[in-house]
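structure of the sequence below:
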Amino acid sequence: MDKMSTLEYINQMFPTEASLSGVEPLMQKIQSEIRRVDAGILAAVRQQSNSGTKAKEDLAAATHAVEELTYKIREIKTKAEQSEMMVQEICRDIKKLDFAKKHITTTITALHRLTMLVSAVEQLQVMASKRQYKEAAAQLEAVNQLCSHFEAYRDIPKITELREKFKNIKQILKSHVFSDFSSLGTGKETEETNLLQHLSDACLVVNALEPSVREELVNNFCSRELTSYEQIFEGAELAKLDKTERRYAWIKRRMRTNEEIWKIFPTSWLVPYRLCIQFCKKTRKQLEGILDNLKEKPDVATLLLALQRTLEFEDELAEKFGGGTQSREIGNDIEEIGRQNNSRSALDIRKKYEKKLAAHQGSENEEKVGNKDLSAPGAGFNFHGIISSCFEPHLIVYIELEEKTLMENLEKLVQEETWDVEEGSQNNVLSSSMQLFLIIKRSLKRCSALTKSQTLYNLFRVFQRVLKAYATKLFARLPKGGTGIVAAATGMDGQIKTSDRDERVICYIVNSAEYCHKTSGELAESVSKIIDSQFADRVDMSEVQDEFSAVITRSLVTLVHGLETKFDAEMAAMTRVPWGTLESVGDQSDIWCCWIFQICKSRDEQS
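Just a heads-up that it's a prediction; the model follows:
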């Protein structure tokens, strides 16, 4: 507190003279406070002196305790290292004992299995020599499992010897099984009552052997079953196209007759399925030879009958072995073709049949067989087209007949055409146009039921030619121009005389050409949807539509020229009128009224 502050404080404490009487008590109070503060300072100094000594003693004690703790830690660490070394020595001995135990156990197990393998091989050898197939099958499984345990020891002479012995036994079993199966189908199964059961047990052995043994056995069996088929249908009497149906009857009868006998084969072997595959391949090869060796074109009805029966057989196989079905109607349509060429054959094919046809090439099917597992019916092989595709190159005679028939029908329709429409008709289209497309659609239906490949495309080309021919017929029906002055001067058929009937006919031709233009486009769309994808891009009716567009254009020009020709006399009369002498020209004229009347009349008839 500075001087000024001290004075102010004193003046504040003793503002008046009377207040000076309190100075003495104040001084006593201040002195008492000073003594108290001095006593506190003295006590603090003494206490501080005592604390410093105590702190030194505590520090010394703590240092000593740390030294003792460090010593104990070092001692514990040393003992721990000694204990670790001792444990490692103990564990080392335990590991040696454990490895020794494991090796001893493995050796005992291997010796035990070796004993079992030697015994099993010897037993299997006895079973093989006695042809005890049922017991041998179970023993084969056991030996195979035991041999799998010695894969790591195959270089050991004893193991090599056993494996070689086991291989020889399997070869003996295979030889016995193949020998026993050679008697199947020879009639011995009826003489020896236990033969079928014996062969059924042999199948168990085959399953226990390598898969290649089963494949070889099934292939040999199928080849042997079809040996008689090849011999029968390679003969001159049955190696004919009209005997095709008897081929399929033979295999179906064979499968039905031997169904009970073939039950000895496990279901997983799919013996009937594989037999049918081989049958189809052999049949295709023989039919190809028959078709290629024909000295002249085959009879259409005979060819189509053989194709139909082939398609039916393929559908039956596809349905039997999981290929599915798809609606198809062939009978009546093929019957119609047969009537055109051979009435006797037509009677043979009067039948409606609804099944599936997928026209895959036989070569594609054979390639799939080589690349896929045939263990699942319907998955690795497609029966559709496996035989029938061989007919494809030879169906040109069918297309020729279809074209001939369509052209004959076209001529007949044009000859019978009245060039008028039926009363109540809504579209005013000539009946020949609608009838022609109905005939074309029936033809398309017949062909698509047989094939959807090259033949169907060839038939589509026939449709194009038929429709172009019809467009030419419509064009030829139009009235022709004269050789008057206008025609000679302009080079056009300007002088065309048309009657009221001619004008109606021209209008009907226009309507019919428009109908054909639209329907031909729809026909192309329908064909592109059902034909094989490789031909779909080539299905196009633009040229045909251009032909009908030209008919429409020429028809309208002819109609206009015909109307103009009707007014030649009136127009000539107008040129003789002395227009210069007329005082005025009115808004009515007999010539113009007549011309307008004719136009309105033609429009009404066209609509």
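
check what pLDDT T105 gets.
With respect to pLDDT, T105 has a value of 79.

also the one 3 residues further on?
I108 is assigned 80 on the pLDDT scale.

any idea which helix or strand carries it?
Using DSSP states H and E, I108 falls within helix 23-130.

what packs against that helix?
helix 133-148, helix 157-181 (3 or more C-beta pairs under 8 Å, 6 or more residues apart in numbering; DSSP states H and E). C-beta here means a position set from N, CA and C on the backbone, and glycine is covered the same way.

quickly list the domain ranges of the chain.
28-209, 210-394, 433-574+591-606 (automatic domain parsing).

mean pLDDT lowest for which of those domains?
Among the domains of the chain, domain 210-394 scores lowest, at a mean of 71.

between helix 157-181 and the helix holding I108, find me the angle.
In terms of direction (axes from the mean of the first three to the mean of the last three C-alpha atoms, to 10 degrees), helix 23-130 departs from helix 157-181 by 50 degrees.

got the angle for helix 23-130 vs helix 133-148?
140 degrees.

quick one: which of the helices and strands packed on helix 23-130 is nearest V205?
Of all the helices and strands packed on helix 23-130, helix 133-148 sits nearest to V205, with 4.8 Å by C-beta to C-beta.

return the set of buried residues in that closest one.
Of the residues in helix 133-148, those buried by neighbour count under the rule 16 or more other C-beta atoms under 10 Å are Y133, E135, A136, A137, Q139, L140, V143, L146, C147.

could you dump those into CSV with distance to H384 added?
Putting the buried residues of helix 133-148 into CSV (distance: C-beta to C-beta, whole Å) gives the following:
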residue, distance to H384
Y133, 39
E135, 45
A136, 42
A137, 38
Q139, 45
L140, 40
V143, 45
L146, 48
C147, 45
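
for those, which one is nearest A44?
Using C-beta to C-beta, the buried residues of helix 133-148 come closest to A44 at L146, 100.4 Å.

the domains of the chain: which one's closest to K412?
Using C-beta to C-beta, the domains of the chain put domain 433-574+591-606 closest to K412, at 9.4 Å.

hang on, the earlier thing: out of the buried residues of helix 133-148, who's nearest A202?
Distance to A202, by C-beta to C-beta, is smallest for Y133 among the buried residues of helix 133-148, at 4.6 Å.

how about the nearest residue to the closest one once chain neighbours are set aside, what does it touch?
Take Y133 and drop its neighbours on the chain: the residue closest to it by C-beta to C-beta, 6 or more residues apart in numbering is D201, 3.8 Å away. D201 makes contact with Y133, K134, A137, according to C-beta atoms under 8 Å, 6 or more residues apart in numbering.

so the first one makes contact with L204?
So the one you mean is Y133. Yes. Y133 lies in contact with L204 (C-beta atoms under 8 Å); the separation is 6.3 Å.

distance to L7 for the domains of the chain - can I get that in JSON lines?
JSON lines is the format used below for the domains of the chain (distance: least, C-beta to C-beta, whole Å):
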{"stretch": "domain 28-209", "distance to L7": "17"}
{"stretch": "domain 210-394", "distance to L7": "123"}
{"stretch": "domain 433-574+591-606", "distance to L7": "124"}
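
quick one: which of these is nearest T16?
Proximity to T16, assessed across the domains of the chain by C-beta to C-beta, is greatest for domain 28-209 (20.1 Å).

and that closest one, how far out from the chain's middle?
Centre-to-centre, domain 28-209 and its host chain are 49 Å apart (C-alpha atoms, centre = their mean, to the nearest Å).

ranges for the helices of the stretch 301-450 of the chain?
For the stretch 301-450 of the chain, the helices defined by DSSP state H, counting those that start in this stretch occupy 331-341, 343-348, 362-371, 396-416, 431-450.

re earlier: Q415 is nearest to which of the domains of the chain?
Of all the domains of the chain, domain 433-574+591-606 comes closest under C-beta to C-beta, at 10.0 Å.

on that earlier part again, could you measure the residue nearest to Y133 against L195, distance?
Computed as C-beta to C-beta, to the nearest Å, the D201 to L195 distance reads 11 Å.

same deal with F437?
Separation of F437 from L195 (C-beta to C-beta): 65 Å.

and what of E245?
Taking C-beta to C-beta, one finds E245 at 34 Å from L195.

got the CA coordinates for stretch 259-269 in CSV?
Output in CSV follows, covering the C-alpha atoms of stretch 259-269 (Å, rounded to 0.1, in the frame of the first residue of the first chain):
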residue,chain,number,x,y,z
GLU,A,259,-37.7,-106.7,-72.3
GLU,A,260,-37.9,-109.3,-69.5
ILE,A,261,-34.5,-110.7,-70.4
TRP,A,262,-32.8,-107.4,-70.5
LYS,A,263,-33.9,-106.6,-67.0
ILE,A,264,-30.7,-108.3,-65.9
PHE,A,265,-28.9,-105.1,-66.8
PRO,A,266,-28.9,-102.4,-64.1
THR,A,267,-31.1,-99.5,-64.9
SER,A,268,-28.2,-97.1,-64.8
TRP,A,269,-26.6,-98.8,-67.8
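
rewinding a little: just the angle between the strand or helix carrying the residue nearest to Y133 and helix 23-130, please?
Element membership for D201 (DSSP H and E) is helix 195-208. With the same axes, to 10 degrees defining the directions, helix 195-208 sits at 140 degrees from helix 23-130.

thanks a lot, catch you later.
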